[in-house]
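Chemist: Here is a sequence together with a model predicted from it:
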Amino acid sequence: MKARGWLIYEEEHAKKNKAFIEWFLDEAIELEIELDFILQSRISFGVHNYQLVLLLDDAPLSESPDFVIMRNIDPLFNEQLERMRIPCFNSHHVSVICNDKARTHQYLAGKGIPMLDTYFMEADKLLTGNLPLPIPFIIKTRTGRGGGDVFMVENIEQVEAVHAQLSARSIILQPLAGSPGKDLRVYVLGSEVVWAVLRSNKNSFKANYTLGGQAEAYSLNEAELIIVNKIIEQFDFGLVGIDFLFDEDGRLLFNEIEDVVGCRTLCVTSDINIVKSYLEFILQKLGFEGEPT
């Protein structure tokens, strides 16, 4: 029996990731998976006649998928799927924790994972003068992605400017890391480390590849693997990216976890077929044979 799955994007990111989507669909054919690409705008979900319901193009499903690869951020939808016994990759738990920087730090605190001091607040508090960190510091929105909504402030005028831009958003505050403009992304599939990429940017404190940073393969040492595995042990991951900063001595500091992780830096620094590996992982997780003909 063939596995049937959905690959879900929202429209804006689908346009930017057309090649990645086609890669999924091509590998699915090789693995004899019936994988449908679906925009989330086509889906409605909720409760009807006291029961959870999932509609596609406003019609009830004739048959539910065996799994969903969720490439959009909507933890409520992930939870709906799981409550309807449809496995979702990544899970609702991963989505709700990892797409919120405050929740992620709160969840991982006290587990022996080195991280920067991190304070949670509303942006409106920036002008009260009652701040837990001295200037300079970093301001991040709790839900920003890809280096967006991340600001370094070095004086009160910059604090005021960021406040005006963020208004009533929920934010976190952190001190500057020891090595600005450099970070590490560790790609994880299930409980296994797939690859690590060092990202650097000489022109910005943000090292993101999509913001002009450089990327190169990185070999994790034993001490770094211990830290990564401490994080892995706290979750039931599908495919994620765990991001780290570096302190003054070059040691890892946990930064964030990317649930809907981009794979550009993995692709430009390795020949790993991450899409095939991900689909094979899902088949194994669900108990399907999934061997190509």
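Modeler: That came through, no problem.

Chemist: Against Arg85, how distant is the residue in the chain sticking out farthest from the centre?
Modeler: Farthest-out residue of the chain from its mean C-alpha position, per CA atoms, centre = their mean: Asn49, at 34.8 Å. The gap separating Asn49 from Arg85 is 18 Å, by CB to CB, to the nearest Å. C-beta coordinates here come from the backbone N, C-alpha and C atoms, glycine included.

Chemist: Equivalent analysis for Ile272, please.
Modeler: 32 Å.

Chemist: and those two? which has more neighbours close in?
Modeler: Neighbour count, other CB atoms under 10 Å: between Ile272 and Arg85, Ile272 has more, with 15 against 8.

Chemist: Now for the closest residue to that one other than its chain neighbours, how many residues are close by?
Modeler: Ranked by CB to CB, 6 or more residues apart in numbering and with sequence neighbours excluded, the top spatial neighbour of Ile272 is Trp195, at 6.0 Å. By other CB under 10 Å, 21 other residues sit near Trp195.

Chemist: now do Phe37
Modeler: Residues lying near Phe37 (other CB under 10 Å) number 16.

Chemist: try Asp124
Modeler: Number of residues near Asp124 (other CB under 10 Å) recorded here: 13.

Chemist: which residues are in contact with stretch 244-251?
Modeler: The contact list for stretch 244-251 (CB atoms under 8 Å, 6 or more residues apart in numbering) reads 114, 116, 177-179, 182-186, 223, 227, 252-255.

Chemist: Stretch 178-194: which residues count as buried?
Modeler: Buried residues in stretch 178-194, counting neighbours by 16 or more other CB atoms under 10 Å, are found at 179-180, 182-190, 193-194.

Chemist: picking up where we left off before, how close does the residue farthest from the centre of the chain sit to His93?
Modeler: Taking CB to CB, one finds Asn49 at 28 Å from His93.

Chemist: And Tyr50, by the same measure?
Modeler: If you go by CB to CB, the gap between Tyr50 and His93 works out to 26 Å.

Chemist: and those two? which has more neighbours close in?
Modeler: Shown here are Tyr50 and His93; by other CB under 10 Å, His93 has more neighbours (17 against 5).

Chemist: need the contact list for the more buried one.
Modeler: Listed by CB under 8 Å, 6+ apart, the contact set of His93 reads Phe235, Asp236.

Chemist: mind redoing it with 10 Å?
Modeler: Pro75, Asn78, Glu79, Glu82, Tyr107, Gln234, Phe235, Asp236, Phe237 (CB atoms under 10 Å, 6 or more residues apart in numbering).

Chemist: Same question for stretch 140-155: list its buried residues.
Modeler: By 16+ other CB under 10 Å, the buried positions in stretch 140-155 come out as Lys140, Thr141, Arg142, Thr143, Gly144, Arg145, Gly147, Asp149, Val150, Phe151, Val153.

Chemist: quick one on the thing from earlier: partners of the helix or strand hosting the residue nearest to Ile272 in the sheet?
Modeler: Using DSSP states H and E, Trp195 sits within strand 192-200. Strands that pair with strand 192-200, judged by DSSP bridges, come out as strand 182-189 (antiparallel), strand 214-217 (antiparallel).

Chemist: Among those strands, show the one with the smallest mean pLDDT.
Modeler: The weakest mean pLDDT among the strands paired with strand 192-200 belongs to strand 214-217, with a mean of 91.

Chemist: what separates it from the chain centre, distance-wise?
Modeler: Distance of strand 214-217 from the chain centroid (CA atoms, centre = their mean, to the nearest Å) equals 19 Å.

Chemist: what's the next secondary structure element after it?
Modeler: Downstream of strand 214-217, the next assigned helix or strand under DSSP H and E is helix 222-232.

Chemist: Just the pLDDT at Gly212, thanks.
Modeler: The model's pLDDT for Gly212 equals 58.

Chemist: ignore the last one, Glu289
Modeler: Taking Glu289 on its own, its pLDDT is 62.

Chemist: which element is Leu35 on?
Modeler: Per DSSP H and E, Leu35 falls inside strand 34-39.

Chemist: Tell me which two of the buried residues of stretch 140-155 sit farthest apart.
Modeler: Farthest apart among the buried residues of stretch 140-155 by CB to CB are Arg145 and Val153. That separation is 20.5 Å.

Chemist: got the angle for the strand holding Trp195 vs helix 222-232?
Modeler: Angle, strand 192-200 to helix 222-232, by axes from the mean of the first three to the mean of the last three CA atoms, to 10 degrees: 110 degrees.
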